[in-house]
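**Q** after the sequence you'll find the predicted model.
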Amino acid sequence: MSAIIILLKGMIEVYLLLGSNEGNTKQNLAAARTLIASRSGEIIMCSSLYQTEAWGVKQQNSFLNQAILVKTDLPATALLTTLKKIEKETGRVETAKWGPRVIDIDILFYGNSLTNLPELKIPHPYIQDRRFTLAPMCEIAPTLLHPVIGKTIQELLSICKDNSEVTKL
């Protein structure tokens, strides 16, 4: 009994954003969710799927995006390593920054932790600038407070200057 309590106390709520714009995008997201659940932790909540205009490099297919809440006991850097392996196993090939991809998995928030490493920045540095991130996040965590900016996800969405098309499916 005490071992279970210790394990539960060590669980961290992590918000991830999944994205895909190559191949069968729905299937790519489903495969990523399955692997995340088996290797990273329990998926507690998933947003709807959102069809979103490409951001950064506009001349590519639209993306399918989804925000998910995961409870994990993995440290942030171990979670990143696990997610990168999942991306490769589901067909991701490194291309140009913001280019097309079979799957992309971003760590948005890791509890209230702040991380500033070359390979990992938490909270994700572009959350407030991306409607395709804020819209699905607002569905599952509208009152989540950004620990650096000090505004909720709902507030960030209401003031977001990104006018990219984001459609809930």
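**A** Cool, got the structure.
**Q** could you dump the strand or helix carrying Leu108 to CSV, C-alpha only?
**A** Counting by DSSP states H and E, the element that carries Leu108 is strand 104-110. The C-alpha trace of strand 104-110 is given here as CSV (Å, rounded to 0.1, in the frame of the first residue of the first chain):
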residue,chain,number,x,y,z
ASP,A,104,5.4,15.6,-33.8
ILE,A,105,5.1,15.4,-30.0
ASP,A,106,5.8,18.5,-28.0
ILE,A,107,6.0,18.8,-24.2
LEU,A,108,4.0,21.9,-23.4
PHE,A,109,3.9,21.9,-19.6
TYR,A,110,5.6,19.5,-17.1
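**Q** what lines up beside the next helix or strand after that strand in the sheet?
**A** For strand 104-110, the following helix or strand on the C-terminal side (DSSP H and E) is strand 115-117. Sheet pairing of strand 115-117 (DSSP bridges) gives strand 120-122 (antiparallel).
**Q** go ahead and name everything in contact with the following helix or strand past the partner strand.
**A** Downstream of strand 120-122, the next assigned helix or strand under DSSP H and E is helix 131-140. Identification of contacts with helix 131-140 by CB atoms under 8 Å, 6 or more residues apart in numbering yields 15, 17, 19, 45-48, 50, 52-53, 55, 63, 65-69, 106, 108, 124, 126-128, 144, 153-154, 156-157, 160, 162-164, 166, 168. The C-beta positions use only the backbone N, C-alpha and C, and glycine is treated the same way.
**Q** send me helix 131-140 as PDB with only the CA atoms.
**A** Extracted in PDB, the C-alpha atoms of helix 131-140 (Å, rounded to 0.1, in the frame of the first residue of the first chain):
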ATOM      1  CA  ARG A 131      -3.500  29.200 -32.000                       C
ATOM      2  CA  PHE A 132      -3.100  25.500 -33.000                       C
ATOM      3  CA  THR A 133      -1.700  24.800 -29.500                       C
ATOM      4  CA  LEU A 134      -3.900  27.100 -27.500                       C
ATOM      5  CA  ALA A 135      -7.300  26.000 -29.000                       C
ATOM      6  CA  PRO A 136      -6.900  22.300 -28.100                       C
ATOM      7  CA  MET A 137      -5.300  23.200 -24.800                       C
ATOM      8  CA  CYS A 138      -8.200  25.500 -24.000                       C
ATOM      9  CA  GLU A 139     -10.600  22.600 -24.500                       C
ATOM     10  CA  ILE A 140      -8.900  20.400 -21.800                       C
END
